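> The following comprises the amino acid sequence and a computationally predicted model.
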Amino acid sequence: MLTRWEAYQLLADALVFAEAANQSSSELYKTALEKLKTKYDAFDKALVQERSAAPEGLIAADEARDYGIRKLYALASEYADYQFDAQRTAAAAAVLQVFKPYGKASEIVRLRQDSETAVITNLLQELDKDEIKTYVSLLGLDALIDHIRQNNAIFEQLQQSRRDEQSQYVVGLSKAMRDEALDAFRAFCEAVNALALVEGGDKYAKLIGQLDTLISDYRNKALQRRAKNDASEKDDAAAQNEAK
């Protein structure tokens with residue numbers, strides 16, 4: 001849900017709390033914290049490289065299409081397990097079947113940029129087929145498909161004008177480093193929860209409260225931003241329909 005910079009700031013804030021609470025004698029805590037710091041530093045360096053190598057529009061389009069693909073897969077997965085509407089369940093299964101040759105959304109967004117562009121283009125072609133379009137509409141996902149299509153096109157256009165290998169590598173590197181840093185953060189949180197069970201909750205109560213509040217704050221910010229963007233897209237679509 002987070003942009004690169006939101007993820008970066010979340011990790012930076014979390015490390016401040018984790019370092020302040022680093023009084024545990026547990027090797028598990030120290031190991032998890034050290035791994036988080038290492039992955040955060042690598043993410044930090046990748047972001048510095050990215051800012052010098054890739055235009056903001058390229059990064060924004062990449063993040064927007066990643067969000068769209070993740071959300072499309074997540075919503076289809078939810079409806080595929082929805083027992084109260086057989087039609088929507090079948091529609092969701094058909095949409096997930098389109099993904100099958102390419103992998104899950106989490107796998108697609110980790111591809112190199114050109115590979116991801118090609119996969120998304122193929123996915124959109126499959127989703128544009130009449131039978132699948134019916135399923136997409138039944139699930140109310142037309143606007144989301146348009147969002148993916150628009151941002152994939154923007155990314156491809158900007159990438160065409162910036163063809164050097166270094167630029168492609170750097171943008172892909174920051175995505176990979178972000179994912180690895182967030183994985184390390186999740187592992188650190190799991191370690192803290194495990195230690196709280198073994199050593200006693202009081203010892204880690206303050207840190208757990210700080211991390212819970214931090215995660216909740218960033219999640220709410222991301223949800224507000226997404227809601228604002230969705231509302232803006234609906235207004236734009238309504239304006240276009242009125243103009244026709």
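Looks like it arrived, so ask away.
> how far is stretch 176-193 from where the chain is centred?
How far stretch 176-193 lies from its chain's middle: 14 Å, per CA atoms, centre = their mean, to the nearest Å.
> Also stretch 107-120?
Distance, centroid of stretch 107-120 to centroid of chain: 14 Å (CA atoms, centre = their mean).
> And for stretch 214-224?
14 Å.
> Tell me the buried residues in that stretch?
Applying a neighbour-count criterion of 16 or more other CB atoms under 10 Å, one finds L214, Y218, A222 buried in stretch 214-224. To be clear about C-beta, it is placed using only N, CA and C from the backbone, and glycine gets the same treatment.
> Run through who's touching that stretch.
With contact meaning CB atoms under 8 Å, 6 or more residues apart in numbering, stretch 214-224 is reached by M1, L2, E6, Q9, L10, D13, A14, F17.
> quick one: which of those residues is nearest to R65?
The nearest member of these to R65, counting by CB to CB, is M1 at 14.6 Å.
> just checking, the closest one touches R226?
Yes - M1 is in contact with R226 according to CB atoms under 8 Å; the separation is 7.3 Å.
> and for the two, which residues touch both?
Y67.
> closest to S106 among the contacts of stretch 214-224?
For the contacts of stretch 214-224, the closest approach to S106 (CB to CB) belongs to M1, at 13.1 Å.
> Now whichever strand or helix holds D13: buried residues?
Element membership for D13, per DSSP states H and E: helix 4-20. Residues of helix 4-20 classed as buried: R4, E6, A7, Y8, L10, L11, A14, L15, F17, A18 (neighbour count, 16+ other CB under 10 Å).
> Return the set of buried residues in stretch 134-149.
Buried, per 16+ other CB under 10 Å, within stretch 134-149: Y135, V136, L138, L139, L141, L144, I145, H147, I148, R149.
> The last one: what's its closest spatial neighbour, skipping adjacent residues?
In this case it means R149. L124 (5.5 Å; CB to CB, 6 or more residues apart in numbering).
> okay, now that neighbour: neighbour count?
16 (other CB atoms under 10 Å).
> any idea of the pLDDT on it?
Note on L124: pLDDT of 95.
> residues near Q157, how many?
13.
> For it, list the residues it contacts.
Counting by CB under 8 Å, 6+ apart, there are no residues that Q157 touches.
> again, but for S106
Taking CB under 8 Å, 6+ apart, one finds R70 in contact with S106.
> Point me to the helix or strand that includes it.
Applying DSSP H and E, one finds S106 within helix 105-108.
> Need the mean per-residue confidence for that helix.
Here the average pLDDT along helix 105-108 is 89.
> and after that helix, which helix or strand comes next?
helix 113-127.
> hmm, who's touching that following helix?
62, 65, 69, 95, 98-99, 102, 108-109, 111, 132-133, 136, 145, 148-149, 152, 155-156, 159, 168, 171-172.
> Just the CA atoms of that helix, as PDB, please.
The C-alpha atoms that make up helix 113-127 are tabulated as PDB, following Å, rounded to 0.1, in the frame of the first residue of the first chain:
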ATOM      1  CA  GLN A 113      10.500  -3.200 -15.700                       C
ATOM      2  CA  ASP A 114      10.400  -4.300 -19.300                       C
ATOM      3  CA  SER A 115       9.200  -7.800 -18.300                       C
ATOM      4  CA  GLU A 116       6.500  -6.400 -16.100                       C
ATOM      5  CA  THR A 117       5.300  -4.100 -18.800                       C
ATOM      6  CA  ALA A 118       5.100  -7.000 -21.300                       C
ATOM      7  CA  VAL A 119       3.200  -9.200 -18.700                       C
ATOM      8  CA  ILE A 120       0.700  -6.400 -17.800                       C
ATOM      9  CA  THR A 121       0.100  -5.700 -21.500                       C
ATOM     10  CA  ASN A 122      -0.700  -9.400 -22.100                       C
ATOM     11  CA  LEU A 123      -2.900  -9.500 -19.000                       C
ATOM     12  CA  LEU A 124      -4.800  -6.500 -20.300                       C
ATOM     13  CA  GLN A 125      -5.300  -8.100 -23.700                       C
ATOM     14  CA  GLU A 126      -6.800 -11.200 -22.000                       C
ATOM     15  CA  LEU A 127      -9.000  -9.100 -19.700                       C
END
